[in-house]
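Undergrad: Dropping a prediction and its sequence here:
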Amino acid sequence: MTIVGLDDTDSRERGMCTTYAAHRVAERLESGGDGVERVLLVRLNPAAPHKTRGNAALAIHTDADPGRAFDAASAVVSEAAAVDDPNTQPGVVVAPDDGAGASEFAWTAVRDLLDLNDALAFADDLGYRHEGWRGGRGRIGALAAVGAWTAFSDWTYERISYREPERWGTPREFSHQSVFAAADAGYPDVWDTVDRGEGEAVCVPHTPGPVLHGIRGDSPTAVSDVSERIDSEPVHAARTFVTNQGTDAHLQDAALPEVADGGAYRVGGVVASDPETRRGGHVFVDIEADGETLACAAFEPTKRFRERVRALRPGDRVLACGEVSDGTLKLEKLRVDALVSVERGTPTCPDCGNRMESAGRDQGYRCRDCDTSAPGKTERPLRRDLAPGWYEVPPCARRHVAKPLVRGGFDAPTHPEG
């Protein structure tokens with residue numbers, strides 16, 4: 001087997017899409033009589049500073065001669081990559097084997113930040129041919145994509161439909177109603193197609209690139225069926241990718257003192273502060289464990305998930321999941337393990353029912369009208385609008401690599417967002 005890895009051919013401003021470049025490489029190989037077994041769409045560390053929105057690298061598994069595969073990939077990247085954008089630095093890596101030598105590199109690329117010089121030295125040690133444009137930073141992701149198939153075991157699928165080139169950069173034409181109907185027909189095997197709470201067609205991007213829509217799910221048949229149900233402008237081309245999307249491959253288990261900027265974690269702790277809504281609608285809450293405190297945030301784009309965070313109380317036990325940046329964990333999902341059931345508050349007078357007032361430092365409470373007293377605060381049942389289990393951000397805010405609760409396999413009751 002020959003594996004062609006490529007990355008960083010796209011641009012936030014000028015469009016293009018590395019999945020489309022990979023499709024064209026596969027198409028060129030197929031038209032030349034070479035077989036293409038699969039095309040991987042590999043989501044890497046979402047905290048990488050130079051990424052475009054999804055931080056995706058691609059790998060084409062083919063029976064083509066490595067030299068011919070390299071020439072095909074280099075030609076496509078030279079023709080199609082958005083190299084006019086100074087932030088775009090495409091890279092191609094070709095392996096004449098199953099990529100197992102780069103397996104550990106792939107794992108690291110999903111969970112950590114890597115250096116280009118290290119990637120190039122590693123590729124050279126493995127005997128992999130590579131080429132870069134405008135610095136070629138994309139060779140980091142390309143090498144990771146080469147090693148991905150042997151690195152990961154949980155795979156999902158995405159059917160991506162592409163627009164006619166002359167339509168790129170214009171508003172997409174599609175039936176909103178047909179997208180929601182297709183999503184309902186495919187759910188739960190197909191997920192994150194729409195956000196029902198926000199009324200948003202999540203599968204349709206807003207970027208100026210070639211993608212018309214992308215349908216994600218657990219089976220290639222299911223994603224193709226949903227894709228075909230959508231009424232839209234003409235589809236220029238389409239391909240089903242094998243992907244690590246929706247797998248939580250980026251999350252690593254850690255004790256609270258071990259977390260660091262640039263990583264994504266599952267970390268347990270006890271809620272140590274009342275949730276605070278700050279300017280912009282962002283909700284912050286602290287968790288504590290092992291003598292350390294970590295700020296967690298549900299940012300405004302997570303919409304209704306913020307209500308789950310606002311419902312937390314000091315003393316609740318949780319498992320927080322998300323990327324850490326500037327010392328704050330950006331919540332992607334949350335497992336509520338235990339909820340406090342009582343709260344301590346100012347006592348009420350047994351005679352008149354009014355709240356008592358403090359009688360002074362360490363002197364308890366008293367009712368001025370009835371002259372009754374109480375030694376201190378009292379406990380009373382606390383009504384909770386939250387139940388134990390897993391909660392997640394809605395589809396409109398979900399990271400590509402984050403695992404939707406509807407996929408199952410979680411260790412507590414789930415409360416999926418559709």
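TA: In hand now; what should we look at? Numbers count the residues shown, from 1 in each chain.

Undergrad: burial of the closest residue in space to residue 196 that isn't next to it in sequence, as a residue count?
TA: Counting by Cβ to Cβ, 6 or more residues apart in numbering, residue 196 lies nearest to residue 418, which is 4.9 Å off, once chain neighbours are set aside. For glycine as for every other residue, the C-beta is placed from the backbone atoms N, C-alpha and C. Using other Cβ atoms under 10 Å as the criterion, residue 418 is surrounded by 18 other residues.

Undergrad: Look up how far residue 70 lies from residue 418.
TA: According to Cβ to Cβ, to the nearest Å, residue 418 and residue 70 sit 44 Å apart.

Undergrad: same thing with residue 61?
TA: Distance, residue 61 to residue 70, using Cβ to Cβ: 15 Å.

Undergrad: What segments of the stretch 151-300 of the chain are helices?
TA: 176-186, 220-229 (DSSP state H, counting those that start in this stretch).

Undergrad: Out of the ones you listed, flag the one nearest residue 281.
TA: Closest of the helices of the stretch 151-300 of the chain to residue 281 is helix 176-186, at 25.9 Å (criterion: Cβ to Cβ).

Undergrad: relative orientation of that closest one and helix 220-229 in degrees?
TA: With axes from the mean of the first three to the mean of the last three Cα atoms, to 10 degrees defining the directions, helix 176-186 sits at 160 degrees from helix 220-229.

Undergrad: For helix 176-186, the averaged confidence score.
TA: Mean per-residue pLDDT for helix 176-186: 98.

Undergrad: Buried residues, it. List them.
TA: The neighbour-count check on helix 176-186 (16 or more other Cβ atoms under 10 Å) flags 179, 180, 181, 182, 183, 186 as buried.

Undergrad: For it, list the C-alpha coordinates in PDB.
TA: Taking Å, rounded to 0.1, in the frame of the first residue of the first chain, the C-alpha atoms of helix 176-186 are listed here in PDB:
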ATOM      1  CA  HIS A 176     -33.600  24.200   4.600                       C
ATOM      2  CA  GLN A 177     -36.700  22.000   5.000                       C
ATOM      3  CA  SER A 178     -35.100  19.100   3.100                       C
ATOM      4  CA  VAL A 179     -32.000  19.200   5.300                       C
ATOM      5  CA  PHE A 180     -34.100  18.900   8.400                       C
ATOM      6  CA  ALA A 181     -36.200  16.100   6.900                       C
ATOM      7  CA  ALA A 182     -33.100  14.200   5.800                       C
ATOM      8  CA  ALA A 183     -31.600  14.700   9.300                       C
ATOM      9  CA  ASP A 184     -34.700  13.200  10.900                       C
ATOM     10  CA  ALA A 185     -34.600  10.300   8.600                       C
ATOM     11  CA  GLY A 186     -31.000   9.500   9.300                       C
END
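
Undergrad: where in the protein is pLDDT low?
TA: Applying pLDDT under 70 to the chain picks out residues 11-15, 49-54, 82-83.

Undergrad: Break it down into its domains, please.
TA: Split into domains by automatic domain parsing, the chain comes to 2-151, 156-243, 251-341+383-415, 342-381.

Undergrad: so which of these is the most packed in?
TA: Highest mean neighbour count of those: domain 2-151, a mean of 21 (counted as mean count of other Cβ atoms under 10 Å).

Undergrad: which residues touch residue 141?
TA: Shown in contact with residue 141 (Cβ atoms under 8 Å, 6 or more residues apart in numbering): 5, 7, 8, 42, 44, 55, 56, 57, 91, 109.

Undergrad: Also residue 100?
TA: Neighbouring residues of residue 100 by Cβ under 8 Å, 6+ apart: 147, 150.
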